[in-house]
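1. kindly generate the corresponding structure for this input.
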Amino acid sequence: MRNIILGLAVTLDGFIEGPNGEYDWCFTDEDYGLSDFFNQVDSALLGRKSYELTQQLGSLAGEGSPKIKEYIFSTTLTEVKEGATLIKGDIKNQVEKIKAGEGKDIWLYGGASLTTSLMNLGLVDELWLSVHPILLGSGTPLFQDIKKTFNLKLVDTKTYASGLVSLKYLVEHEEAFE
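-> Sure, this is the predicted structure:
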């Protein structure tokens, strides 16, 4: 079975974007483990806002990265770009089918609503958080409205000269309770 990995940048105070949707605080001066991560995944799960943002930027993974199959979760979109799959309705059943399919692990790219839904459904297997040494004070929190307690097992850390700390956790599903 494929794993779903929530992989993203977060501020030290827990925000994934600033109060106006800004993400200019994210370090882009080096790889920070992204090349290895892109070798581990071949698919990505995106909410509507994240999908629209990547459409503006031109690419999900960036130039020179491997092709990634995109699954777009939206109740309002009626179509997505060629090669992407639009997911509506029973997301639990559809995500379980994606996880059971052939391929590498799956990147949960975001956003906050999709992350909350998939966490609450117990479908996220790993967290890879790139914690940036900045406090925004407000914005979109990484975790909101989580309905369960999840125990996490720290499996890797890496500290960079920039102050960014990479943290990898396994989600211990059998320990989750309501």
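2. drop to CA atoms for contacts and neighbour counts, all remaining ones
-> OK.
3. show the contacting residues for L34.
-> Applying Cα atoms under 8 Å, 6 or more residues apart in numbering to L34 gives no contacts.
4. which phi and psi does it have?
-> Backbone torsions of L34, given as degrees, to the nearest 10, read phi -70, psi -40.
5. for this protein, which segments count as helices?
-> Applying DSSP state H to the chain gives helices spanning 34-40, 48-57, 91-100, 112-120.
6. just checking, N3 touches G122?
-> No. Using Cα atoms under 8 Å as the test, N3 is too far from G122 to be in contact (11.7 Å).
7. okay, now E79: neighbour count?
-> 11 (other Cα atoms under 10 Å).
8. the residue nearest to it when sequence neighbours are not counted: neighbour count?
-> Distances taken as Cα to Cα, 6 or more residues apart in numbering place L86 nearest to E79, at 6.8 Å, with adjacent residues excluded. Using other Cα under 10 Å, L86 has 19 neighbouring residues.
9. M119 now?
-> Around M119 there are 20 residues (other Cα under 10 Å).
10. for it, give its distance to P19.
-> Per Cα to Cα, to the nearest Å, M119 is found 23 Å from P19.
11. quick revisit: how about the helices of the chain in a markdown table, adding distance to G7 and mean pLDDT?
-> Formatted as a markdown table, the helices of the chain follow (distance: least, Cα to Cα, whole Å; pLDDT from 0 to 100):
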| stretch | distance to G7 | mean pLDDT |
| --- | --- | --- |
| helix 34-40 | 9 | 92 |
| helix 48-57 | 13 | 82 |
| helix 91-100 | 16 | 96 |
| helix 112-120 | 10 | 94 |
